[in-house]
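Engineer: Dropping a prediction and its sequence here:
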Amino acid sequence: MEFGGILGLIVLILDIWAIVRVVGSGAGTGEKILWTLLIILLPVIGLIVWYVAGPK
């Protein structure tokens with residue numbers, strides 16, 4: 001497995017972790033859907049934005 005594959009696997013694991021955290025948060029349903037879509041459509045950027053500004 002090359003470095004890009006390992007990096008992609010790490011991003012996938014972090015994205016799944018972020019989505020689980022979003023779904024389990026106290027945010028409203030609309031916010032949860034928007035955050036989840038952002039993370040899915042923009043895996044790296046969405047993860048960073050969620051980490052900085054997402055529901056705590």
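Structural biologist: Right, received. Where do you want to start?

Engineer: C-alpha only now, for contacts and for neighbours.
Structural biologist: Will do.

Engineer: mind listing what's buried in stretch 49-56?
Structural biologist: Across stretch 49-56, burial judged by 16 or more other C-alpha atoms under 10 Å covers 50, 54.

Engineer: Name the residues that touch it?
Structural biologist: Applying C-alpha atoms under 8 Å, 6 or more residues apart in numbering, the contact partners of stretch 49-56 are 18, 22, 25, 26, 27, 35, 39.

Engineer: Pretty sure the first one sits against residue 47.
Structural biologist: Read it as residue 18. Yes: assessed by C-alpha atoms under 8 Å, residue 18 is found in contact with residue 47 at 7.0 Å.

Engineer: Give me the common contacts of these two.
Structural biologist: Here residue 18 and residue 47 share the contacting residues residue 39, scored by C-alpha under 8 Å, 6+ apart.

Engineer: So in this protein, which helix runs the longest?
Structural biologist: helix 3-23 (DSSP state H).

Engineer: name the helices or strands packed onto that helix?
Structural biologist: helix 29-41, helix 43-53 (3 or more C-alpha pairs under 8 Å, 6 or more residues apart in numbering; DSSP states H and E).

Engineer: Need the ones you listed in TSV (columns: distance to residue 8 and mean pLDDT).
Structural biologist: Below are the helices and strands packed on helix 3-23 laid out as TSV (distance: least, C-alpha to C-alpha, whole Å; pLDDT from 0 to 100):
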stretch	distance to residue 8	mean pLDDT
helix 29-41	14	94
helix 43-53	10	90
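
Engineer: Buried among the contacts of stretch 49-56? Make that a ChimeraX selection.
Structural biologist: In ChimeraX, this line selects whichever of these come out buried by 16+ other C-alpha under 10 Å:
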select :18,22,35,39
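
Engineer: Max pairwise distance over the contacts of stretch 49-56: which two?
Structural biologist: Distance extremes for the contacts of stretch 49-56: the farthest pair is 26 and 39 at 17.6 Å, using C-alpha to C-alpha.

Engineer: Look up which helix or strand residue 27 falls in, please.
Structural biologist: For residue 27, there is no host helix or strand (DSSP states H and E).
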